[in-house]
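Undergrad: make a model of this:
(one chain, ligands or ions: 1)
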Amino acid sequence: MSATSRAKTVVFWDFDGTIAERPGHWSSCMLDVLEPLWNDNDLTIDTFEPYLRTGFPWQDTTLDRTHLTDADAWWRALGTVLRSAYLSAGVPESVVDLAVAGVRVRFSDASTWRVIPGATDALAALQREGVTQAVLSNHVPELPAIVDALGLAGYFDTVFTSATIGFEKPHPGIFAHALDAFGHPDDVWLIGDNPVADIEGATAAGIRAVLVEGSYLVNGGVSHAEAVRIIRAGALAA
Ligand SMILES: [Mg+2]
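TA: Residues are numbered from 1 along each chain as shown. Predicted coordinates:
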């Protein structure tokens, strides 16, 4: 395959659990934010879990949220979920609004995220081949800044986050948005750790999908290095 045709290969990457992870996720973030505001508490990250099972955008991916693509509007909507969870866990009214505001800052703080071993090598390998790469994630509006602060922005042509698109994977709307942005390339892939959001969603959109081993759950996926080999072989055969 010539360099020119290889340049037409586009690889979309899931972010959370595929490129980076945030240990403890939303529950630990909510607890961390609370400490300085209400330190005389005996809450644990497990306290919040029962109250975080609904209300997040990625927990109902059938909805059109294109009216919430403004970052402040997106966080206002999620803020009602976080506020309710805090209050249900016994957090006093006097601190709950400060805590909710703190979650936005804390969850978007790149120092609370860590890059998954193998991801950077895979990104670099595909970049060396001339592959165009983009993040395509169900995530917060601040994802582009998180990617930048983790030192990963140079690998990506674009960082797409569901929050500013208005659809969550596996909704066809988010894949259509990404494919439109790249002019519907012939050779297009997605690497992700979620069998439904990533693999089923991408496949339904005509994107070849590779399941990689997740950092949160055992999912039967391949290593990041193997994902590169699969794409390299598939792209060469195309
Ligand atoms: Mg993921």
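Undergrad: which helices and strands does the lengthiest helix in the chain pack with?
TA: In the chain, with assignment by DSSP state H, the single longest helix is helix 71-88. For helix 71-88, the helices and strands in contact under the criterion 3 or more CB pairs under 8 Å, 6 or more residues apart in numbering; DSSP states H and E are helix 25-34, helix 93-107, helix 162-165. Yep, even glycine has a C-beta here, placed from its N, CA and C like the rest.
Undergrad: tell me the angle it makes with helix 93-107.
TA: 130 degrees (axes from the mean of the first three to the mean of the last three CA atoms, to 10 degrees).
Undergrad: and helix 71-88, C-alpha only, in PDB?
TA: Output of helix 71-88 as PDB, limited to C-alpha atoms (Å, rounded to 0.1, in the frame of the first residue of the first chain):
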ATOM      1  CA  ALA A  71     -20.600  22.700  28.600                       C
ATOM      2  CA  ASP A  72     -22.400  24.700  31.200                       C
ATOM      3  CA  ALA A  73     -25.800  23.200  30.200                       C
ATOM      4  CA  TRP A  74     -24.300  19.700  30.200                       C
ATOM      5  CA  TRP A  75     -22.900  20.100  33.700                       C
ATOM      6  CA  ARG A  76     -26.200  21.700  35.000                       C
ATOM      7  CA  ALA A  77     -28.000  18.600  33.800                       C
ATOM      8  CA  LEU A  78     -25.600  16.200  35.400                       C
ATOM      9  CA  GLY A  79     -25.500  18.500  38.500                       C
ATOM     10  CA  THR A  80     -29.100  17.500  39.400                       C
ATOM     11  CA  VAL A  81     -27.900  13.800  39.400                       C
ATOM     12  CA  LEU A  82     -24.900  14.600  41.500                       C
ATOM     13  CA  ARG A  83     -26.800  16.800  43.900                       C
ATOM     14  CA  SER A  84     -29.500  14.100  44.500                       C
ATOM     15  CA  ALA A  85     -26.800  11.500  45.100                       C
ATOM     16  CA  TYR A  86     -25.000  13.700  47.600                       C
ATOM     17  CA  LEU A  87     -28.200  14.400  49.500                       C
ATOM     18  CA  SER A  88     -29.300  10.800  49.400                       C
END
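Undergrad: list the buried residues of that helix.
TA: For helix 71-88, a neighbour-count test (16 or more other CB atoms under 10 Å) marks A71, W74, W75, A77, L78, G79, V81, L82, R83, A85, Y86 as buried.
Undergrad: residues in contact with it?
TA: When contacts are defined by CB atoms under 8 Å, 6 or more residues apart in numbering, helix 71-88 is touched by residues 30, 34, 48, 50-52, 54-57, 65, 67-68, 93, 96-97, 99-100, 103-104, 140-142, 163-164.
Undergrad: of those, list those near the ion.
TA: Among these, no residue sits close to the ion (CB under 5 Å from the ion).
Undergrad: quick revisit: dump the helices and strands packed on helix 71-88 to JSON lines, plus mean neighbour count and mean pLDDT.
TA: Rendered in JSON lines, the data for the helices and strands packed on helix 71-88 read as follows (neighbours: other CB atoms under 10 Å; pLDDT from 0 to 100):
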{"stretch": "helix 25-34", "mean neighbour count": "20", "mean pLDDT": "94"}
{"stretch": "helix 93-107", "mean neighbour count": "17", "mean pLDDT": "97"}
{"stretch": "helix 162-165", "mean neighbour count": "24", "mean pLDDT": "97"}
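Undergrad: okay if I get the ones you listed as a markdown table plus distance to F156?
TA: Output for those, formatted as a markdown table (distance: least, CB to CB, whole Å):
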| stretch | distance to F156 |
| --- | --- |
| helix 25-34 | 23 |
| helix 93-107 | 20 |
| helix 162-165 | 15 |
